[in-house]
Structures are given as structure tokens and as C-alpha cells.
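> below are the sequence and a predicted model for it; my questions follow.
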Amino acid sequence: MIEAFADPERIEGYHAHIYYDAASRAKAGRLRQGIGERFEARVGNWHDEPVGPHLVPMYQVAFAVDEFPQLVPWLMLNRDGLDVLIHPRSGDSVADHTRFAMWLGHVLPLRLDVLGRGSGAG
């Protein structure tokens with residue numbers, strides 16, 4: 001039996017996770033400021049310690065579906081070497097962080113065991 005295609009209409013929004021370390025925190029701050037000045041996005045708190053599925057310090061940027069075509073290309077051009085995870089919020093956190101995710105830079109390991117199916121976390 002052929003599996004049906006996933007429907008993009010189920011995407012409620014997106015998260016971008018901007019990863020940094022002590023040496024790149026200033027770059028992450030510059031990027032954070034640029035996002036806040038240019039986009040209708042909610043920039044989350046700094047997480048200097050691992051949180052949720054993320055094993056590296058990061059902050060999250062939550063944005064609407066209609067912001068994707070502007071925000072993601074801007075991140076592509078302005079991430080300044082930082083690793084970025086971009087994923088949809090489709091109602092399946094594991095799939096959102098794996099099968100449906102896109103990475104700018106390196107793919108970093110995640111703790112998927114803390115994500116529940118159907119959970120909006122992360």
C-alpha cells in the first residue's frame with residue numbers, strides 16, 4: 001500500500017533553533033538582534049545549558065508559516081557560521097525534529113527520547 005503524502009496545511013508554524021558556544025555567543029547575539037528587528041517572530045530565552053532535546057546552548061525563534069519565505073533565506077545568508085535547526089510544528093515533535101527538519105550548517109545530535117509524539121515541545 002502506498003502511503004499518502006503529508007499535508008503541509010497541518011503546519012501550525014515553525015521553530016528555528018540557533019546554536020552557539022562561548023566563542024560564538026556574540027555572533028548569536030548579533031543574529032538574534034537582527035531577527036528581532038526585521039521579523040514578526042518570537043525570540044525565546046538564551047539557554048546556555050542543554051534543554052529539552054538540545055544538547056548544545058541555543059535559543060529558539062518561533063515564527064508563523066507566512067514568515068518562512070522571508071526569515072529562512074535571511075538566516076541562510078546571515079547565520080555567520082552558526083548551526084541552525086529549522087522545523088515545522090506539525091503536531092508530531094519527533095518527526096518535526098527529524099524527518100521534517102532542515103539544517104543550516106552541521107547536523108547536531110538531539111535527545112529524541114524527551115520528545116513525545118503529538119507534543120509541541122522543542
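Thanks, I have it.
> residue nearest the centroid of the protein?
Centrality entry for the chain: nearest residue to the mean C-alpha point is residue 16, 2.2 Å, by C-alpha atoms, centre = their mean.
> now the element after the helix or strand that one falls within, going C-ward?
Assigned by DSSP states H and E, residue 16 belongs to strand 14-19. Next along the chain after strand 14-19, taking DSSP H and E as the criterion, comes helix 25-38.
> find the nearest non-adjacent residue to residue 21, please.
residue 57 (6.4 Å; C-beta to C-beta, 6 or more residues apart in numbering). C-beta here means a position set from N, CA and C on the backbone, and glycine is covered the same way.
> please disregard the earlier target; I meant residue 109.
Excluding the flanking residues, the one nearest residue 109 by C-beta to C-beta, 6+ apart is residue 55, at 5.8 Å.
> please apply the same query to residue 50.
Residue nearest to residue 50 in three dimensions, not counting chain neighbours: residue 56, with 7.1 Å by C-beta to C-beta, 6+ apart.
> which secondary structure element contains the one you found?
Using DSSP H and E, residue 56 is not contained in any helix or strand.
> and the gap between it and residue 41?
Per C-beta to C-beta, to the nearest Å, residue 56 is found 21 Å from residue 41.
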